[in-house]
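Undergrad: Whatever this is, show me its structure:
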Amino acid sequence: MRFSQLASIRKVAVQPSKFSAYSIYLGFEHFDPGTLRFNKPGNPSNVTSTKQAFHAGDTLYGKLRPYFRKVGWARDLSGLCSTDLWVFEPKPGVESRFVFYVAGCQAFSDLASSSSEGTRMPRASWSVVKDFEIPDFTLDEQRAIAATLGALDDKIESNRRAIDLAEALADQLFARKAKGSAVLTDIAKLTMGSSPPGNTYNEDNEGMPFYQGVRDFGRRFPGYRVWTTGAVRLAQNNDTLVSVRAPVGKLNRSREICCIGRGVAAVSSDWPSTIFYALRSADSIWEPFQHEGTVFGAINKVDLSKAQLPWPQADSLRELESNFSVLDEKIWSLSTEIEDLIDLRNTLLPELLSGRIRVPEAHETVQEVIA
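TA: Have a look, this model is predicted:
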């Protein structure tokens, strides 16, 4: 069966004058590459040009630079989305989540990429991807495949919610203790990066170059600093600086080994978890860097080194760091499980769609993992 037998493109243009009827907006930037999900939606009031409507059950697919594999399923959401996204509406008698998994498989994105038109802003062609073929599946088979893969994605989202709760608890704990302030360079070491040559690396959604491993990194860009466990990295994304931390005391996976590129700083401290939550809470210190530099912005080392952070009293640091370490361990465990679940989902997806693995076999494997 061809993809055009499963879904069509929903084309409902919405003018800015009608945005008040919608509460959710999904842009290209809300989708993480290759994760088959979108992040917290935006607000339609923050966009101005014509958008398009999507309904619950639709699949949203990033037709711009389709090699990013930006795909998401609007399980129970409706709203507005960018015109850089296709809105796939399931055909009658087709399981909506099955459409999502077909669009989310790597082979679909490979075909979409091969059909891309344009140089600077390549976009996939519907005339090509509509003919993407998979074996014929009955509605019951579609539902069984979607349920099997969906059990993994539901567990992934459950873990993400648990991580959010743990970090929110840590934020509250920090806020109760951080009654003073300190200059960043008095409590931590600041290392600024320089940009690797060329543009051959892969970038995550924060503009931070990632590599497949230390050897590969060293071979491509000798001499550039590597950020490792126990440090916090800072990068600018769409005029908003964010901080992300490696789990303290844990070995990095290959995807967590990265170069400190232009517009990026690394911060290391004797109190790595505490400095992480201090950086998360200090929104005001990012204001001087909001509109500097390149597309991802550039962090000014002089200004950043003078930044004032909320900071606890010295006699509470050890207890605070100890409490954070417990939460860190939980966050790390959940994050590691997420990566394993994603790997399993990505392994089973093409096998189920090709018929090489049958649902009962895949279902048994999934139940063993999520039990």
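
Undergrad: can we go C-alpha only for contacts and neighbour counts from here?
TA: OK.

Undergrad: Helices of this protein, start to end?
TA: Using DSSP state H, the helices assigned to the chain run over residues 3-6, 96-104, 106-114, 126-129, 139-177, 184-187, 214-220, 272-281, 301-305, 314-354, 359-370.

Undergrad: weakest of the ones you listed in terms of mean pLDDT?
TA: Sorting the helices of the chain by mean pLDDT places helix 214-220 lowest, at a mean of 34.

Undergrad: Surely residue 16 and residue 48 touch.
TA: Yes: at 5.9 Å, residue 16 counts as touching residue 48 under the criterion of Cα atoms under 8 Å.

Undergrad: hang on, the earlier thing: got the helices of the chain as a markdown table, with mean neighbour count and distance to residue 82 columns?
TA: What follows is these, written out as a markdown table (neighbours: other Cα atoms under 10 Å; distance: least, Cα to Cα, whole Å):
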| stretch | mean neighbour count | distance to residue 82 |
| --- | --- | --- |
| helix 3-6 | 18 | 22 |
| helix 96-104 | 25 | 18 |
| helix 106-114 | 20 | 18 |
| helix 126-129 | 15 | 17 |
| helix 139-177 | 17 | 24 |
| helix 184-187 | 16 | 39 |
| helix 214-220 | 13 | 35 |
| helix 272-281 | 22 | 29 |
| helix 301-305 | 14 | 34 |
| helix 314-354 | 16 | 26 |
| helix 359-370 | 14 | 34 |
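
Undergrad: Of the ones you listed, which is nearest residue 23?
TA: helix 139-177 (21.6 Å; Cα to Cα).

Undergrad: Which residue, other than its chain neighbours, is closest to residue 15?
TA: Nearest residue to residue 15, sequence neighbours excluded (Cα to Cα, 6 or more residues apart in numbering): residue 50, at 4.8 Å.

Undergrad: hang on, I meant residue 72
TA: With Cα to Cα, 6+ apart, the residue lying closest to residue 72 is residue 37, at 4.5 Å.

Undergrad: quick one, what contacts that neighbour?
TA: 31, 70, 71, 72, 73 (Cα atoms under 8 Å, 6 or more residues apart in numbering).

Undergrad: Now tell me what touches stretch 306-322 from outside.
TA: When contacts are defined by Cα under 8 Å, 6+ apart, stretch 306-322 is touched by residues 174, 177-185, 271, 273-274, 278-279, 281-282, 285.

Undergrad: do you know how far the spatially most central residue of the chain is from residue 41?
TA: By Cα atoms, centre = their mean, the chain has its centre lying nearest to residue 32, at 3.5 Å. To residue 41, residue 32 is 12 Å away according to Cα to Cα, to the nearest Å.

Undergrad: cool, residue 140 as well?
TA: 32 Å.

Undergrad: before we move on, what about residue 60?
TA: Residue 60 is 13 Å from residue 41, by Cα to Cα.

Undergrad: Neighbour count for the two, which is higher?
TA: residue 60 (30 against 17; other Cα atoms under 10 Å).

Undergrad: about what we covered before: unless I'm mixing things up, the residue nearest to the centre of the chain is touching residue 61, no?
TA: No: between residue 32 and residue 61 no contact is recorded; they are 11.7 Å apart, counting by Cα under 8 Å.
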